[in-house]
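Peer 1: No letters, just coordinates:
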């Protein structure tokens, strides 16, 4: 049990040592920019699959925001600056773009939160560099959805992916990550938590799954 607690705690402990967890409190209403309709369908399929795993809902539109899960596919980070009205939704956009350029990043996720701490919206930015271009669209979409369905630690997947490759080079969600998502969306669990005791409750539910 102590190993499970340690693993779960690590998933939500940030680089500064603080514990922070959040999940979606409203149905996910996605939209994608910069890709063909076929990729949009793949993205929605990935969201549907992960929502089904979590017991969460999707929606065509969000009554307040229109879309609350926005995915941007880009060739260059500068394209974000040139996207109309994006700076209204993300006031810190200019500084963010400079940080992403400096880090030579190829992906970034930005969350907005409800008053109760649950996830209200998520912006996903994917720069299609050489490494990303080598991946199938199914792998990119599933990976991003999994990393957006809860607020993982900024260290959670450093050096390891939440996905695993099957013998046919098809990416699937690792069973242990699927179990954490399922437990995190248990109805008796809170939509957000900043106390490490939350990890104890998650670990108990993981044990109950087996």
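Peer 2: Received the coordinates, thanks. Quick caveat: nothing in here was measured; it's all calculated off a predicted structure.
Peer 1: okay, CA-based contacts and neighbour counts for the rest of this
Peer 2: Noted.
Peer 1: roughly how far apart are residue 137 and residue 166?
Peer 2: Applying Cα to Cα, to the nearest Å, the value for residue 137 to residue 166 is 16 Å.
Peer 1: What are the buried residues along the longest helix seen in the chain?
Peer 2: For the chain, the longest helix by residue count, based on DSSP state H, is helix 37-54. By 16 or more other Cα atoms under 10 Å, the buried positions in helix 37-54 come out as 40, 42-44, 46-48, 50-51, 54.
Peer 1: Spell out which residues sit in contact with the residue nearest the centre of the chain, please.
Peer 2: For the chain, the residue sitting closest to the mean C-alpha position, by Cα atoms, centre = their mean, is residue 148 at 1.2 Å. Taking Cα atoms under 8 Å, 6 or more residues apart in numbering as the criterion, residue 148 is in contact with 109, 122.
Peer 1: In three-state terms, how would it be classified?
Peer 2: Secondary structure, DSSP: H, G, I helix; E, B strand; the rest coil: residue 148 is coil.
Peer 1: Look up the pLDDT of it for me, please.
Peer 2: Looking at residue 148, its pLDDT stands at 98.
Peer 1: Over to residue 210?
Peer 2: 63.
Peer 1: Residues in contact with the longest strand along the chain: which ones?
Peer 2: Across the chain, the longest stretch assigned as strand under DSSP state E is strand 119-127. If you take Cα under 8 Å, 6+ apart as the criterion, strand 119-127 is touched by 22-26, 68-77, 105-114, 144, 148, 150-151.
Peer 1: since we're on residue 147, how many residues are nearby?
Peer 2: 17 (other Cα atoms under 10 Å).
Peer 1: OK, contacts around it?
Peer 2: residue 162 are the contacts of residue 147 under Cα under 8 Å, 6+ apart.
Peer 1: List the contacts of the strand or helix carrying residue 96.
Peer 2: Applying DSSP states H and E as the criterion places residue 96 in helix 93-103. With Cα under 8 Å, 6+ apart as the test, helix 93-103 has contacts from 77-78, 80-81, 86-87, 106.
Peer 1: That one: how far from the chain's middle?
Peer 2: Distance, stretch centre to chain centre, for helix 93-103: 20 Å (Cα atoms, centre = their mean, to the nearest Å).
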